[in-house]
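**Student:** Pasting the sequence and the predicted coordinates here, then a few questions.
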There are 2 protein chains.
Amino acid sequence: MNILYENDTIAALATARGNAALAIIRISGKNAFNSVEKCIFPTIKFINTPPKRLQLFTIINIEIKKAIDEVTAIKYENPQSYTGENMVEILCHGNEIIIEEILSQLIKTGVRIAEKGEFTKRAFLNGKMDLLKAESINELIASTNPISYLCAIENYYGKSKNILLDWKAKIIKILAEIETRIEFPEEDDVIDRKSTYRKDIESLSIEIEKELNIREKIKVIDSGFMMPIVGIANAGKSSLFNLILGYNRTIVHHEEGTTRDAVSEEIKIKGEKIKIFDTAGLNETKNSVELMGIEKSWEYIKNGNLLVFVTPANKEILENEKRILKETNKEKIIGIISKKDLNNPIQKKEMFQTFGIPFIEVNLIEEEERLRIIDFISSNIKKAFNLFNSESSIICNKRQEEIIRRTESKIKSIIQNIDQYYDEIISNDLKEILYNFEEFIGTTDNEEILEAIFSEFCIGK
Amino acid sequence: MNILYENDTIAALATARGNAALAIIRISGKNAFNSVEKCIFPTIKFINTPPKRLQLFTIINIEIKKAIDEVTAIKYENPQSYTGENMVEILCHGNEIIIEEILSQLIKTGVRIAEKGEFTKRAFLNGKMDLLKAESINELIASTNPISYLCAIENYYGKSKNILLDWKAKIIKILAEIETRIEFPEEDDVIDRKSTYRKDIESLSIEIEKELNIREKIKVIDSGFMMPIVGIANAGKSSLFNLILGYNRTIVHHEEGTTRDAVSEEIKIKGEKIKIFDTAGLNETKNSVELMGIEKSWEYIKNGNLLVFVTPANKEILENEKRILKETNKEKIIGIISKKDLNNPIQKKEMFQTFGIPFIEVNLIEEEERLRIIDFISSNIKKAFNLFNSESSIICNKRQEEIIRRTESKIKSIIQNIDQYYDEIISNDLKEILYNFEEFIGTTDNEEILEAIFSEFCIGK
């Protein structure tokens, strides 16, 4: 595949928009050097500079020969470049006017503005990287939290590829076994015979399922970790909500709910984006509007990633509070017993202890309590995140997930029907899985598929 | 001044924040190479790479030795660098997590995050550039319109310095003349004697005043060119406002006024930011709320940079319309006679012609008119801008402006009092002006002044 992908030369801003000390404009293609030569000064210095050596130049307006900016520039000679084509990187001052002016000069020389992901697409088509690496670069740039970044960087360095190659090898081994048996059928019992490779298929199935589970968890974090504050009315939920916000200076987004809906804020705790919700109190009521709010609260209890369960020291344990404990995975609850000065809440302490739920007793109105409360919540958020952080996923986008889901259902159907299926059918199904793995790794040259993949990228990459 | 400025090593993101293909992290100072060596792999390759040569590396977490990102890096050896110190530029993937991780590693090696403008401050203190160039770099980055960019790039290449040196030379010449006369007083008439250098001082005063005028105009553009649409009620102002917005796809900011206040939108026409205002109609009224709106309209008429004066063909010229013409510089008015189908507005055409105000007759409700109206307005905006565009200013910030204003008032007082002043007083005043020019060029080593200047810069520069 080591041929030049297209004949035209492309250019784009490769750094983020906005005023800054520096910006980088990338040019790639057959005419990259020629084009830059037409708007760079001194031209002869540029021509004589060896590849990968940075020098100081002036970019000039081609028509009126006036200086646009003093820049540094680097040449990359095909195939020793990101795209595998001739490339130039111009480091100019980070100002939109300058960037537009420089790109305008390049356009005058016949360069066109790159499409999304076109640099990486060319790199892929010129054999500079496989599809998984290309996709991981996109994820590296786009990731918004430590865990997706971790996935991206590990896959960039080949983790997903290695695992897929391993899975491929396992399928090939099983296939070889089956094919041998098809050609040389033996006398032993069919069921027995199948049990020898059933185990291999099952263990592969477990591995695949595990990867899909990790993927699910990461998707939760990607869409924002949800931390609802729940409990009965007058437990101190809103005070706690405000206390957390008051401490936290990095409020990302404010969103007013309707009267009975939850108020939410997006904040950052320990570098993680957290959505906290002040939910409606779980009262016994016949009022239909209030009931709607309470219905919503139960949804938050169900979907939250970490529940902050606030309960006042001066009240009995209510039915709705018991229901929270009954209907929820206890691992995702932390307890806060409020109004500790009003009573010694022996029952409530026992309730949390029984279920192994971490809790503290506080007075939400006391300033000195703040730090203790924040510390308690922070450390539990950290713990909740550690559940995720331990593992990165080899699946880093929808395309990859779809392939693995397809594979999972195929492999499950094999396992389910293994006793009834002829060897030939199983062999066929396994070959399909093998094909799925190849599709994942990206041995495709279907232009439409590639188009779809690279159009997800940002311009300049 | 060619000594290293400070002993510590600094680092910062040099490109804009945001997700992008690439970002640049700059490190400068005595330990720049040592620090990077501790978190780059392969270390030996980095050590052996000659300056200004770009190579591929991996940045690793110093403690857990895991890859953070694959990057390219360039070394610059003191004094062949931007700051005049040892420097490294790391080109990493443009993601905040990656940038923070890399900066964290550098901090672990003893590097600290740079203050605003600290790279350029070091460049200045190490004699790599004069203050005017340093300031022009800041303007290059910060400029938001073509004219401030033009000032910045021309001053970057020395325009302001050359003019200031020229002014300095003129003052020195006059001073020499005066000093000679002080030492060898002749018999001729004092007034006559002074008239020989009075001309030189006056011509310099004119040059300085011209520069201050250009600066004033540029400040107008910097704060946004204001184009109010004005006229009596029912002239078609709102229709015109919507017509301009409808055509223009680059609405930057929408701002609803109170009922009687002006509605404004920021748009771009020919690359220039324009604020258009739909003002309240200039009615005869006793209603106090309406009166407030009309009061506002008169303010817009007074402060607008280009007035679009809309007047209907089917009405007599009203008093308030005459007042617009009476109270405004005619050069900043363009006329639109609306509802042309309802009447032949001979009077109104004459009115505009008398004052040399460009105008067109239109029907605002007709689709076909749109392009003609937009063309008319665009070309007049362009004309209005050409008044500015012809000249760039040597004054590109408050510091410089303050010095030149101080100089202007001093030179004016000399001219005013030249006949009464002794030669010695004039000589003294001229020396003060000479000192002002030196201050402008930046021959200062007052740490406080420098602090104030460079703190205006962005981080990473």
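**Tutor:** Yep, that arrived.

**Student:** Not including adjacent chain positions, what is the nearest residue to A:Phe41?
**Tutor:** A:Thr58 (4.6 Å; CB to CB, 6 or more residues apart in numbering or on different chains). In short, each C-beta sits where N, CA and C put it, glycine included.

**Student:** where does the one you found land in three-state SS?
**Tutor:** strand (DSSP: H, G, I helix; E, B strand; the rest coil).

**Student:** Please write out the alpha-carbon positions of the helix or strand encompassing A:Trp298 in PDB.
**Tutor:** Following DSSP states H and E, one finds A:Trp298 within helix A:288-303. Extracted as PDB, the C-alpha positions of helix A:288-303 are listed here (Å, rounded to 0.1, in the frame of the first residue of the first chain):
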ATOM      1  CA  SER A 288     -49.600  14.600  41.700                       C
ATOM      2  CA  VAL A 289     -47.000  17.200  41.000                       C
ATOM      3  CA  GLU A 290     -44.900  16.100  44.000                       C
ATOM      4  CA  LEU A 291     -45.400  12.500  43.000                       C
ATOM      5  CA  MET A 292     -43.800  13.300  39.600                       C
ATOM      6  CA  GLY A 293     -40.700  14.700  41.400                       C
ATOM      7  CA  ILE A 294     -40.500  11.700  43.600                       C
ATOM      8  CA  GLU A 295     -40.800   9.400  40.600                       C
ATOM      9  CA  LYS A 296     -37.800  11.300  39.200                       C
ATOM     10  CA  SER A 297     -35.800  10.800  42.400                       C
ATOM     11  CA  TRP A 298     -36.300   7.000  42.100                       C
ATOM     12  CA  GLU A 299     -34.900   7.200  38.600                       C
ATOM     13  CA  TYR A 300     -31.800   9.000  39.900                       C
ATOM     14  CA  ILE A 301     -31.400   6.400  42.700                       C
ATOM     15  CA  LYS A 302     -31.500   3.700  40.000                       C
ATOM     16  CA  ASN A 303     -29.200   5.400  37.500                       C
END
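
**Student:** List the buried residues in that helix.
**Tutor:** Using 16 or more other CB atoms under 10 Å in any protein chain shown as the burial criterion, the residues of helix A:288-303 that qualify are A:Glu290, A:Gly293, A:Ile294, A:Lys296, A:Ser297, A:Trp298, A:Tyr300, A:Ile301.

**Student:** after that helix comes which helix or strand?
**Tutor:** Next along from helix A:288-303, by DSSP H and E: strand A:307-312.

**Student:** A:Lys45 contacts A:Phe57, doesn't it?
**Tutor:** Yes: applying CB atoms under 8 Å, one finds A:Lys45 in contact with A:Phe57, separated by 7.0 Å.

**Student:** Among those two, which residue is more densely surrounded?
**Tutor:** Per other CB atoms under 10 Å in any protein chain shown, whichever of A:Lys45 and A:Phe57 has more neighbours is A:Phe57, with 20 against 13.

**Student:** Roughly how far does the residue nearest to A:Phe41 sit from B:Arg53?
**Tutor:** The spacing between A:Thr58 and B:Arg53, counted by CB to CB, to the nearest Å, is 22 Å.

**Student:** Check A:Phe309 too.
**Tutor:** Distance from A:Phe309 to B:Arg53, by CB to CB: 60 Å.

**Student:** Enumerate the residues of the stretch 151-300 of chain A near chain B.
**Tutor:** Within the stretch 151-300 of chain A, the positions lying close to chain B (CB under 8 Å from any CB of the partner chain) are A:Ile153, A:Tyr156, A:Tyr157.

**Student:** Where does pLDDT dip in the stretch 201-350 of chain A?
**Tutor:** Along the stretch 201-350 of chain A, segments meeting pLDDT under 70 span A:247-262, A:270-272.
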